[in-house]
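Q: Here is a sequence together with a model predicted from it:
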Amino acid sequence: MKKKIKVWFLSAEVAPFAKTGGLGDVAGALPKALAKLGVDVRICLPLYGLIDRRAYQIKPLKTTAIVNWSTGAEKIRIYQTRLPGSQVPVYLLDHLFLNTATIYLQPNDPDDKPNRKIDDVRKFSFFTKAALAAAEALKFQPEIIHCHDWHTALVQHLLHQWPSDFYEVSRVVYTIHNLANQGWAGHNIVRWAGLKNWQGDLNFMAEGIKTADWVTTVSPSYAQEILSRPLDAGLGRYLRQRRRNLSGIINGIDVVEYNPAQDKNIVKKFSAQTLERKKINKLALQKELGLKQDANIPLAGLISRLVWQKGLELFDQQMIKRNCQWVFLGTGEPRYEKQLAALAAKYPDRISAQIKFNDRLAHQIYASADIFLVPSRFEPCGLTQMMAMRYGAVPIVRSTGGLKDTVNKNNGFLFNKLTKTEFYSTIDKALDEYGQRPAIWRQRQLVGMNQDWSWNEPAKEYLRLYRRLLQ
Ligand code: GLC
């Protein structure tokens, strides 16, 4: 038997403990799939104030770690639990800099403890060093340190100045989930973080790309797109330099959590054999949201962070000209929240805008929707289109990044330009098929439902990558 590879898995978000988007989903699901393949993977994240310690049986360990920081020797308390539904160990680090009320602190947000003077770049640079100190304190010597997004991008940099030889054998894999969020720090923070030999400002994302042993991103298409404008987010030069050590591995979804045949969140369970039961969910959702109850009117759903990336400016009065109902779920920038809420207020029996984060409702929307919309400007991978397909909702997506790698003409609809003309004509094409050619529509639903969206194959690819790096 091959020796178990030890992986220290660092992420700012890990579902179900702390999540705002896809990063959390990935960090909460990929480790389970890796563990099934025999990898000794352990997760590390900050013990934010929002994490429910009781619900997840998070217990303090006797071991503590010391981080030598510009503020002095900072003591970290280490807590432990397991990833629900698995044996994967999860370590949560407790310290005044880390136990903020929210995961991310916007620059002007009042902190719950104003005297801690922490912001995201300070918090996550501290976390990254704390995570390295914690593994050493725990005597868990990882062969692979797998870090995710800008928050943990400084790993390699910190390893280069690590005082012991504990990490001598460790290789760093850096996964980009979204190149647009880069983490900028001025030189005062660089000093605060105690980075040696550093001059000027620091771009965390760029640093991760330049220094990791291998860079991955979350779909093959996005791995190509970020090599040049416009999707390189200004970092094309660095990415092109690393192109031989850069690859795209498509995300999976948690197919146990997202399974219409066993989903406790939905009104009526169903499978590919009992697809007609989707309608029961639709009627219940229409009732709950105050839409007109009608099993035959097509329902289009969108679940997303409401940000510029997501192409939300497409939604306007034209929606109402179609025989279709529209449901939105998510939070984000006030301008989009207002735009969608105003549309819903004007047409309450046709449009519903749920400006919140609600997991149960999300499942109910996947189960009810006939059409699922992801009109993103760019999309590194995108998970909702896969979740939707698993529940027999047909995706209409912009042809970009991971959307292009998961949706095709057999399971959904794609459009190229982010224009209202292209968007609404694609919607019309879909609505026409839904109404006029139900057999073809059903076929499309079945293709999506029967595809393997699990983490099994992607996890094998990560494992192959780890092995290659350790040869
Ligand atoms: C980010 C990306 C999204 C991706 C997710 C998980 O949220 O925007 O496309 O699916 O990370 O990798």
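A: Noted; the coordinates are in hand.

Q: So which residues of the stretch 101-250 of the chain form helices?
A: For the stretch 101-250 of the chain, applying DSSP state H, counting those that start in this stretch gives helices covering 120-137, 155-160, 187-192, 204-211, 220-225, 236-241.

Q: What are the buried residues along the second one?
A: This means helix 155-160. Val155, Gln156, His157, Leu158, Leu159 (16 or more other Cβ atoms under 10 Å). In this view, the C-beta of every residue, glycine as well, is placed from N, C-alpha and C.

Q: what's that helix in contact with?
A: 10, 128-129, 132, 145, 147, 167, 170, 172, 174, 195, 207-208, 211-213 (Cβ atoms under 8 Å, 6 or more residues apart in numbering).

Q: List the single closest residue to the one residue in the chain that gets nearest to the ligand in space, sequence neighbours excluded.
A: Going by Cβ to the nearest ligand atom, the ligand is nearest to Gly22 of the chain, at 2.5 Å. Nearest residue to Gly22, sequence neighbours excluded (Cβ to Cβ, 6 or more residues apart in numbering): Leu383, at 5.0 Å.

Q: Now do the contacts for that neighbour.
A: Counted by Cβ under 8 Å, 6+ apart, Leu383 has contacts Gly22, Asp25, Val26, Asn251, Ile253.

Q: rerun that using 6 Å as the cut-off
A: Contact analysis of Leu383 by Cβ atoms under 6 Å, 6 or more residues apart in numbering lists Gly22, Asp25, Ile253.

Q: Tell me both backbone torsions, phi and psi, for it.
A: Backbone geometry at Leu383, expressed as degrees, to the nearest 10, gives phi -110, psi -30.

Q: Need the pLDDT of the residue lying closest to Lys36 once chain neighbours are set aside.
A: Once flanking residues are discounted, Lys36 sits nearest to Ala459: 7.4 Å by Cβ to Cβ, 6+ apart. On pLDDT, Ala459 comes in at 98.

Q: what about Ala459, distance to Val256?
A: 14 Å (Cβ to Cβ, to the nearest Å).

Q: With Arg229 instead?
A: Counting by Cβ to Cβ - Arg229 and Val256 are separated by 40 Å.

Q: any weak-confidence spans in this structure?
A: Within the chain, the stretches with pLDDT under 70 are 1-2, 106-116.

Q: Kindly state the domain boundaries assigned to it.
A: Following automatic domain parsing, one gets these domains for the chain: 6-252+456-470, 272-450.

Q: my read: Ala353 touches Gln339, true?
A: No. Under the criterion of Cβ atoms under 6 Å, Ala353 is not in contact with Gln339, lying 8.8 Å apart.

Q: Alongside the ligand, which residues does the stretch 101-250 of the chain contribute?
A: Selection of the stretch 101-250 of the chain residues close to the ligand by Cβ under 6 Å from any ligand atom yields His177, Asn178, Val218.

Q: and the last one, what is it in contact with?
A: It refers to Val218. Counted by Cβ under 6 Å, 6+ apart, Val218 has contacts His177, Asn251, Pro380, Cys381.

Q: Tell me how many other residues crowd the closest residue to it other than its chain neighbours.
A: Closest residue in space to Val218, ignoring its immediate chain neighbours: Cys381 at 3.8 Å, by Cβ to Cβ, 6+ apart. Counted with other Cβ atoms under 10 Å, the neighbours of Cys381 add up to 26.

Q: Am I right that Cys381 is in a helix?
A: No. Using DSSP: H, G, I helix; E, B strand; the rest coil, the assignment for Cys381 is coil, not a helix.

Q: got the phi/psi numbers for it?
A: Dihedral angles for Cys381 - degrees, to the nearest 10 - are phi -140, psi -60.

Q: Ala65 too?
A: Torsion angles, degrees, to the nearest 10, at Ala65: phi -130, psi 150.

Q: Give me the distance between it and Glu136.
A: 7 Å.

Q: So which of those two has more stuff around it?
A: Ala65 (22 against 17).

Q: doesn't Ala134 make contact with that one?
A: Yes. Assessed by Cβ under 6 Å, Ala65 is found in contact with Ala134 at 4.6 Å.

Q: how about stretch 67-77: buried residues?
A: Val67, Trp69, Glu74, Ile76, Arg77.

Q: now the end-to-end length of it.
A: 11 Å (Cα to Cα, to the nearest Å).

Q: ok, now stretch 55-64?
A: 23 Å.

Q: Quick check: buried residues in that stretch?
A: Buried residues in stretch 55-64 (16+ other Cβ under 10 Å): Tyr56, Ile58.

Q: chain center to it: distance?
A: Distance of stretch 55-64 from the chain centroid (Cα atoms, centre = their mean, to the nearest Å) equals 26 Å.

Q: again with stretch 322-329
A: 25 Å.

Q: Extract the C-alpha trace of that stretch and format it as PDB.
A: C-alpha atoms of stretch 322-329 as PDB (Å, rounded to 0.1, in the frame of the first residue of the first chain):
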ATOM      1  CA  ARG A 322     -42.000  36.500 -20.900                       C
ATOM      2  CA  ASN A 323     -44.400  33.900 -19.600                       C
ATOM      3  CA  CYS A 324     -42.100  33.000 -16.800                       C
ATOM      4  CA  GLN A 325     -41.700  33.500 -13.000                       C
ATOM      5  CA  TRP A 326     -38.300  34.600 -11.500                       C
ATOM      6  CA  VAL A 327     -36.800  33.900  -8.100                       C
ATOM      7  CA  PHE A 328     -33.600  35.500  -6.800                       C
ATOM      8  CA  LEU A 329     -31.800  34.500  -3.700                       C
END
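
Q: Mind listing residues that contact that stretch?
A: The contact list for stretch 322-329 (Cβ under 6 Å, 6+ apart) reads 291, 297-303, 319, 340, 350-354, 361, 365.
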